[in-house]
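Asker: Build the 3D model from these lines:
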Amino acid sequence: MKVLMKQIEMIAWFNLGDYPVPLRYRITSEDYTNRVVKIDKILFREEEKLAGNRMILYRCESIIDNIQRIFELKYEISTCKWYLYKM
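Answerer: Below you'll find the predicted structure:
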């Protein structure tokens, strides 16, 4: 997998006192076109600290361009920002 760490727009589901559940995200490519990816399955979730910032790492699975792909998302708790970490 290639490390991207690119900021994305996310639609997520939040419970009281639990981790957010990502549903789908939108990413803008280099030619300024938007792509929406629906998250089919979350394989695992873990919390980590990166340079003192608490982040939640999600390994997910989706069908992108008719190919099943595995990718990683990160959610930065302090700023509430989502990133496409690896693809």
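
Asker: drop to CA atoms for contacts and neighbour counts, all remaining ones
Answerer: OK.

Asker: And R45, how close does it get to Y83?
Answerer: Per CA to CA, to the nearest Å, R45 is found 14 Å from Y83.

Asker: Repeat that for D65.
Answerer: 20 Å.

Asker: Which one's more surrounded, those two?
Answerer: Of the pair D65 and Y83, Y83 is the one with more neighbours under other CA atoms under 10 Å, namely 20 against 8.

Asker: State the pLDDT value of the closest residue to the more buried one other than its chain neighbours.
Answerer: Leaving aside its chain neighbours, Y83 sits nearest to Q7 (4.4 Å; criterion: CA to CA, 6 or more residues apart in numbering). As predicted, Q7 sits at a pLDDT of 95.

Asker: Tally up the residues packed near Q7, please.
Answerer: 17.

Asker: I'd say it and E76 touch.
Answerer: No. Using CA atoms under 8 Å, Q7 is not in contact with E76; the gap is 10.7 Å.

Asker: Need the overlap of contacts for those two.
Answerer: Both Q7 and E76 are contacted by W82, under the criterion CA atoms under 8 Å, 6 or more residues apart in numbering.

Asker: Give the full set of residues in contact with the residue nearest in space to the middle of the chain.
Answerer: In the chain, the centroid-proximal residue (CA atoms, centre = their mean) is L73; its distance is 2.7 Å. Each residue near L73 by CA under 8 Å, 6+ apart is listed here: 57-60, 82-86.

Asker: And N34, by the same measure?
Answerer: Here N34 is in contact with 26-28 (CA under 8 Å, 6+ apart).

Asker: Make a PyMOL selection of whichever of those turn out to be buried.
Answerer: Selecting only the buried entries of the contacts of N34 in PyMOL, with 16 or more other CA atoms under 10 Å as the criterion:
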select buried, resi 26+27
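
Asker: and which of the contacts of N34 is nearest V3?
Answerer: Set against V3, the nearest of those by CA to CA is I27 (15.1 Å).
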